[in-house]
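Participant: What follows is a predicted protein model with its sequence.
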Amino acid sequence: MTLVEVLAAILIFTFGLLSVAKLYASLMSAHISNEQITAVQTYGNRFWAVLQASPDALGCSTTAQSLSFETAAQVSGAPPGLQSLLNEIMAEKSPLGAPSVSIVLSALGSQEGECEATVNVAWTSQSGGARSQTFTFQVGGL
């Protein structure tokens, strides 16, 4: 009878360990996803800081402009004030997991000197799903 009890205890213990391993795997996935979202928010704040320091960084005009970056090699065509930030986002050590990152910068100016800038950052999450975050900034005017 003792042998049967020991075997039952081992079986229950094994199921418990498997459950803990599955829970750990899902928690790690959630942690990486949260890290990516936090990184994107930080990058958005840094874009805003660059635009506040240099409102002409995107070269706003009354004609809509859009720049798209999908590889680090394309960053050299970005406005000089944004190149270091874009290089950091596109780096292989980026939390967003380059090369799965793409960035689209759009700018539209008004006759009053205002500039509306939109930054869209898209990446592939740890689970393989497509994620994106869009930031819209208004600089100049008044």
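Facilitator: Okay, I see it. Residues are numbered from 1 along each chain as shown.
Participant: where in this structure is pLDDT low?
Facilitator: Across the chain, the stretches falling below the confidence threshold (pLDDT under 70) are 97-99, 141-142.
Participant: now C115, what's its secondary structure?
Facilitator: Local secondary structure at C115 is given as strand here, using DSSP: H, G, I helix; E, B strand; the rest coil.
Participant: Quick check: it vs T124, distance?
Facilitator: Between C115 and T124 the distance, using Cβ to Cβ, to the nearest Å, works out to 31 Å. Backbone N, C-alpha and C define where each C-beta goes, glycine included.
Participant: got it, and K22?
Facilitator: Between K22 and T124 the distance, using Cβ to Cβ, works out to 23 Å.
Participant: What helices and strands are in contact with the longest helix along the chain?
Facilitator: Longest helix of the chain, by residue count under DSSP state H: helix 2-53. Judged by 3 or more Cβ pairs under 8 Å, 6 or more residues apart in numbering; DSSP states H and E, the packing partners of helix 2-53 are helix 80-90, strand 114-124, strand 130-140.
Participant: Out of those, which gets nearest to V6?
Facilitator: Taking Cβ to Cβ as the criterion, strand 114-124 is the member of those that comes nearest to V6, at 47.2 Å.
Participant: List the neighbouring strands of that closest one plus their orientation.
Facilitator: strand 102-109 (antiparallel), strand 130-140 (antiparallel) (DSSP bridges).
Participant: More neighbours: K22 and T124, which one.
Facilitator: Higher neighbour count among K22 and T124: T124, with 16 against 10, using other Cβ atoms under 10 Å.
Participant: middle-most residue in this structure, spatially?
Facilitator: In the chain, the C-alpha closest to the average C-alpha coordinate belongs to V40, at a distance of 3.7 Å (Cα atoms, centre = their mean).
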